[in-house]
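In: From the sequence below, what's the structure:
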Amino acid sequence: MTDAHHGTAPTVFLKGHGTENDFVIIPDPDGRLDLSAAQAARLCDRRAGIGGDGLLRVVRSAAHPEAAALADRAEWFMDYRNSDGSIAEMCGNGVRVFARYLQRAGLAGAGDLAVATRAGIREVHIAKDGHDGTGGEITVDMGPATLPGGDVTVIVGARTWPAVNVNMGNPHAVAFVDDLDDAGALLRAPGVAPAETYPTGTNVEFVVDRGPRHVAMRVHERGSGETRSCGTGACAVMVAAARRDGLDPARTGHPVTYTVDLPGGRLVVTERTDGRIEMTGPAVIVAEGVIEPALLGAEPAP
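Out: Reported below is the predicted structural model:
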């Protein structure tokens, strides 16, 4: 495939979502499309573009310089950008949608699949059957969480909450609140202190309890704003809630599972005894089309 603005072949896109965390998907198996941050942001624009919380470029690992070393373990690389065009290490909902695209395109089948990301290899399992025609649920081995420690505070207006610093290949600050409305409109990123804890910014989760091992959350994603769902955020929330509840599978020898409700749906997250986090949820492809060449045209003058 060649890029549309060079005029030799149309650039195909698909649109998909995982618990309403939505993505523009660009198949580019041979890595011929060099998308700039501005072009990615334009594609994700909900008024002037296709619209999405992020962009997934589907590239063979061998064809991408950041993934070539992983090509012997994972054929496909998820080149992920936030909706503002910035590069992110990982996106949990994005990995499920990425895998659903590969299945739809006949590039992967039900069963196990390895996907290369900037945060390393993610092992994916695509269930065989779905009851709604959208395919079976997809489970992603998200790898282990790390908890760097240190006191962290999340700030919204004049209100502050202590937060848990969790890293899922990307950074998170998890704050337990009395009501999800406490987060406010989340039109801009909440403050986090000390700022040096997150030198490249962070995702911020606000969490309330719904029942035993059952929580609900809202999230402000770094580079995207408030989104309907965040897979890595749900995993970070699960780990923070488990530790708050005195649960650590590495110590008890028993896995722990939490249900995490998000504005866009429900994810089920399990921490295994080896510390690895597994996330299960839906992934749906909703549309396919061709990008108008003008949308990938020359960069606007400054």
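
In: can you give me the helices in the protein?
Out: Assigned by DSSP state H, the chain shows helices spanning 37-44, 92-104, 231-244, 249-252.

In: Ends of stretch 171-184, what's the gap?
Out: Between the opening and closing residues of stretch 171-184 there is a gap of 21 Å (C-alpha to C-alpha, to the nearest Å).

In: Same question for stretch 12-30.
Out: One end of stretch 12-30 to the other measures 14 Å (C-alpha to C-alpha).

In: Can you tell me, leaving aside adjacent residues, what's nearest to the residue most central in space within the chain?
Out: Taking C-alpha atoms, centre = their mean as the criterion, residue 91 is the residue nearest the geometric centre of the chain, at 2.1 Å. Nearest residue to residue 91, sequence neighbours excluded (C-beta to C-beta, 6 or more residues apart in numbering): residue 80, at 5.1 Å. Yep, even glycine has a C-beta here, placed from its N, CA and C like the rest.

In: for the one you found, what are its contacts?
Out: Residues in contact with residue 80 (C-beta atoms under 8 Å, 6 or more residues apart in numbering) are 54, 55, 56, 57, 87, 88, 90, 91, 94, 117, 118.

In: Name the nearest of these relative to residue 245.
Out: Nearest to residue 245 out of those is residue 90 (C-beta to C-beta; 25.2 Å).

In: show me the residues around the closest one that make contact.
Out: Residue 90 makes contact with 80, 117, 118, 119, 122, 142, 168, 169, 170, 232 under the criterion C-beta under 8 Å, 6+ apart.

In: Can you list which of those are found in strands?
Out: Among these, the ones falling in strands (DSSP state E) are 80, 117, 122, 142.

In: what's the closest of those residues to residue 290?
Out: residue 80 (22.0 Å).

In: which stretches of the stretch 101-250 of the chain form strands?
Out: Listed in chain order, the strands found in the stretch 101-250 of the chain under DSSP state E, counting those that start in this stretch are 111-117, 120-126, 138-144, 152-156, 159-167, 171-176, 191-193, 203-211, 214-221, 225-227.

In: which of the ones you listed is buried the deepest?
Out: strand 171-176 (a mean of 25; mean count of other C-beta atoms under 10 Å).

In: Distance from the chain centre to that strand, please.
Out: Relative to the centre of its chain, strand 171-176 is centred 15 Å away, using C-alpha atoms, centre = their mean, to the nearest Å.

In: now the end-to-end length of stretch 78-91.
Out: End-to-end distance (C-alpha to C-alpha), stretch 78-91: 9 Å.

In: Just the buried residues of that stretch, please?
Out: Neighbour counts using 16 or more other C-beta atoms under 10 Å place 78-86, 88-91 of stretch 78-91 among the buried residues.

In: For the residues you listed, work out which two are farthest apart.
Out: The largest separation in the buried residues of stretch 78-91, counting by C-beta to C-beta, is between 78 and 84 at 17.9 Å.

In: Next, count neighbours for the residue lying closest to residue 58 once chain neighbours are set aside.
Out: Using C-beta to C-beta, 6+ apart and skipping the chain neighbours, the partner closest in space to residue 58 is residue 27 (4.8 Å). Using other C-beta atoms under 10 Å, residue 27 is surrounded by 19 other residues.

In: do the one 3 residues further on as well
Out: Using other C-beta under 10 Å, the number of residues around residue 30 comes to 12.

In: What of the one 10 residues further on?
Out: Burial of residue 40, expressed as a neighbour count using other C-beta under 10 Å, amounts to 26.

In: which ones are touching residue 63?
Out: Contacts for residue 63 (C-beta under 8 Å, 6+ apart) come out as 29, 30, 31.

In: and if you look at residue 194?
Out: The contact partners of residue 194, by C-beta under 8 Å, 6+ apart, come to residue 152.

In: mind checking how far it is from residue 153?
Out: Distance, residue 194 to residue 153, by C-beta to C-beta, to the nearest Å: 8 Å.

In: What of residue 265?
Out: With the distance defined as C-beta to C-beta, residue 265 ends up 30 Å from residue 153.

In: So what touches stretch 141-148?
Out: Residues from elsewhere that reach stretch 141-148, judged by C-beta under 8 Å, 6+ apart: 90, 92, 119-120, 122-124, 164-169, 197, 231-232, 235-236, 239, 243, 271, 274-279.

In: Closest to residue 203 out of the contacts of residue 80?
Out: Closest approach between the contacts of residue 80 and residue 203, by C-beta to C-beta: residue 88, at 9.3 Å.
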